[in-house]
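Chemist: Got a predicted structure here, sequence first:
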Amino acid sequence: MAGTFRVFLAAAMMSASLAVSVKIGSVSSIECALCKLVIPEIQSLFLRNATEEEIVKLLTDICIDFKIEDRNVCDAVILQFRDEVLTVVAETALAPDTICGLLFGPSCAIPDFPPHKWNVSLPNTPKLPVKPPSPPNPGAPVMRILHLSDIHLDEVYTPGLDTDCGEPLCCRPPNKYVGLDKGAGKWGAYSCDVPLITMENLLQHIKSSVQFDYMYWTGDLPAHNVWNQSRSDQLRILNTLVQLMLKYFPGKTIFPAVGNHESAPVNSYPPPFVTGNQSNAWLLDALAVNWSHWLPSDTQQTIRYGGYYVVKVRSGWRIISLNINYCQRENFWLYINDTDPAQELAWLVQQLQDAENSGDKVHILGHQPVSSCMQSWQENYYRIVNRYESTIAGQFFGHTHHDEFEVFFDQTNTSRATSVAYMGPSVTTYTNLNPSFRLYEVDGEYNGSSYCVLDHSTYILNLTEANRSDNPQWQFEYAAKEAYMMKSLYPQDWADLLEQMKVNNTLQNLYNKFYYHSHITESCNATCRSALFCGIENPWPGRECKSKQGGVSELDLLHYKTNHKAC
């Protein structure tokens, strides 16, 4: 998902990740060079007090002349990001190499940012002694948690329209009609987002066939037509999906997290110091209202302030939902000040310490995995997880669209696993994925429960078969313990699985199959395997991944990861 934002970002701040919000693509050396060329030009325009119109014309010309996107997308995306980017660039005094390195990564340049390191204070209370986890007693209660992520509902998806239209998202007007045999299928297309008919079919299936107690809903609701989305568009999608959840799951409690696509422009999450029309109050207020169907009233204040909250579900168990957009390099506002935006991590420490004092276990929800965060935020989060490993019973994210997991390791004993984060597979097909959802079996609601994940099962819709037969059938794909032959799903078990995969081609191929929702379109070479393994290993920021295959460099890994982003 790269093209559209290469417009503004290759031209203004060049956020590679923001670019990836539109369609799969790569950050090439040409685009990196473009960034280093264009940033000084824009800064010089500011220095000589050029008008906004002059700057916009320069960016639009670059977008069109370098064929970053077609004229329609170029014109629209420049207008979409105009006010935000110009405001941030005017208040940011970073060197071109720093901006391009930070946004494209070390393969483009080594960023000298942030100019300072910042740390969130941890309490002086000693860390609890670490006790090896043990399985619950036979017959102990088990609860089931449904996980839906990355729906990306396309309300105007139209069967028969072109799936290869030359724009970041197709299968929608004004794309040309090419017929059901060549174009978008009735139930979806692998290069497009999910139609409403498929989304409703999924919810109908879950309602009739899946037993669950709670639901985690980890964000990204709108489609990927990010170059022409308005605030009202995003609020309409939010309302549409909330009403669908209420319709199909009455009486169920849903715990949401906000995704990067909920805002307009995409990825735009100004911290609370940004006020007025450029603030995010329009979205955060709407989230507070819509989420109030499931969340207690005492969550309203922090949702309206920063899009995060905590709920004490019962004695012994709390859920914390984070706004991970406050650590993402695609969020331009952080270039003004990235120090613990909205004081979210300081708040997280307070909540975890309070939970520890009460003997409660905590599940952490978020949209993006923290491995994608800016370095200082990421380092602080890792310190927090390390400190509260006895309190954090599970982490649940989405964003990547793939079925994957990350293992956190102890800061000093780097072979000892401390926590595991699950990235739930996406509902959307975008791109080359079967629609999917996850069901976790969790140690249940009783005094002394660990609230750890005991197993998880994943379900998919074979989109090719659904379009061929016009009879969608959601089917069981796999259960983790059985498929990977694991005795349990504690952090060290996942770390051991990683070591087994490094030497077992059968396990490697199985993981790669599930990673792509059983719709593999390319073989997995040494660089691919290194990317998969290093994604699991999740090393501390600044540390080199130990799981790379022989002959694969850090640069190879960076290029591969950029080329295969799908969020």
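Modeler: Ah, there it is. Numbering: from 1, shown residues only.
Chemist: quick one: the residue nearest in space to the middle of the chain from residue 295, how far?
Modeler: Centroid-nearest residue in the chain: residue 399, 2.2 Å away (criterion: Cα atoms, centre = their mean). Distance from residue 399 to residue 295, counting by Cβ to Cβ, to the nearest Å: 22 Å. (Glycine included, C-beta is placed from N, CA and C.)
Chemist: if we can go back for a sec, helix, strand or coil for the residue lying closest to the residue nearest to the centre of the chain once chain neighbours are set aside?
Modeler: Closest residue to residue 399 apart from its sequence neighbours, by Cβ to Cβ, 6 or more residues apart in numbering: residue 368 at 4.3 Å. Three-state call for residue 368 (DSSP: H, G, I helix; E, B strand; the rest coil): coil.
Chemist: Quick check, residue 368 in contact with residue 397.
Modeler: Yes: Residue 368 is within contact range of residue 397, at 6.5 Å (criterion: Cβ atoms under 8 Å).
Chemist: Are there residues contacting both of these two? Which ones?
Modeler: In terms of Cβ atoms under 8 Å, 6 or more residues apart in numbering, residue 368 and residue 397 are both contacted by the residues residue 324.
Chemist: on that earlier part again, quick one, what contacts the residue nearest to residue 399?
Modeler: 260, 324-325, 327-328, 397-399, 567.
Chemist: could you list every residue that touches residue 265?
Modeler: Counting by Cβ under 8 Å, 6+ apart, residue 265 has contacts 80-81, 84, 226, 229.
Chemist: same thing but at 6 Å, please
Modeler: Contact analysis of residue 265 by Cβ atoms under 6 Å, 6 or more residues apart in numbering lists 80-81.
Chemist: Then the one 3 residues further on?
Modeler: Shown here is residue 268, whose contacts under the criterion Cβ under 6 Å, 6+ apart are residue 84.
Chemist: mind checking pLDDT for residue 22?
Modeler: We have a pLDDT of 38 for residue 22.
Chemist: now swap in residue 472 and tell me
Modeler: 98.
Chemist: in which helix or strand would I find the spatially closest residue to it that is not a sequence neighbour?
Modeler: With sequence-adjacent residues excluded and distances taken as Cβ to Cβ, 6+ apart, residue 472 is closest to residue 466, at 4.0 Å. In this assignment (DSSP states H and E), residue 466 forms part of helix 463-469.
Chemist: Could you list every helix and strand that that helix packs against?
Modeler: Of the remaining helices and strands, none touches helix 463-469 by 3 or more Cβ pairs under 6 Å, 6 or more residues apart in numbering; DSSP states H and E.
Chemist: Check which residues of it are buried.
Modeler: Residues 463, 466-467 are the ones in helix 463-469 that count as buried (16 or more other Cβ atoms under 10 Å).
Chemist: Beyond that helix, next helix or strand please.
Modeler: Helix 463-469 is succeeded, C-terminally, by strand 474-479 (DSSP H and E).
Chemist: List the buried residues of that next one.
Modeler: 474, 477-478.
Chemist: re earlier: quick check: the residue nearest to the centre of the chain vs residue 429, distance?
Modeler: 16 Å.
Chemist: cool, and residue 346?
Modeler: As defined by Cβ to Cβ, residue 346 lies at a distance of 39 Å from residue 429.
Chemist: With residue 420 instead?
Modeler: Per Cβ to Cβ, residue 420 is found 27 Å from residue 429.
Chemist: Compare the two (neighbour count), which wins?
Modeler: residue 429 (27 against 23; other Cβ atoms under 10 Å).
Chemist: Please name the residues that touch the more buried one.
Modeler: Counting by Cβ under 6 Å, 6+ apart, residue 429 has contacts 188, 190, 435.
Chemist: Please repeat the previous calculation with a cut-off of 8 Å.
Modeler: So residue 429 contacts 188-194, 435, 463 (Cβ under 8 Å, 6+ apart).
Chemist: Mind picking the two most distant members of those residues?
Modeler: 191 and 435 (13.7 Å; Cβ to Cβ).
Chemist: Counting neighbours, go ahead and name the busier of these two.
Modeler: residue 435 (26 against 19).
Chemist: Which residue is the nearest non-sequential neighbour of the more buried one?
Modeler: Per Cβ to Cβ, 6+ apart, closest to residue 435 is residue 461, 4.4 Å.
Chemist: Could you give the number of residues near residue 374?
Modeler: Residue 374: 21 neighbours (other Cβ under 10 Å).
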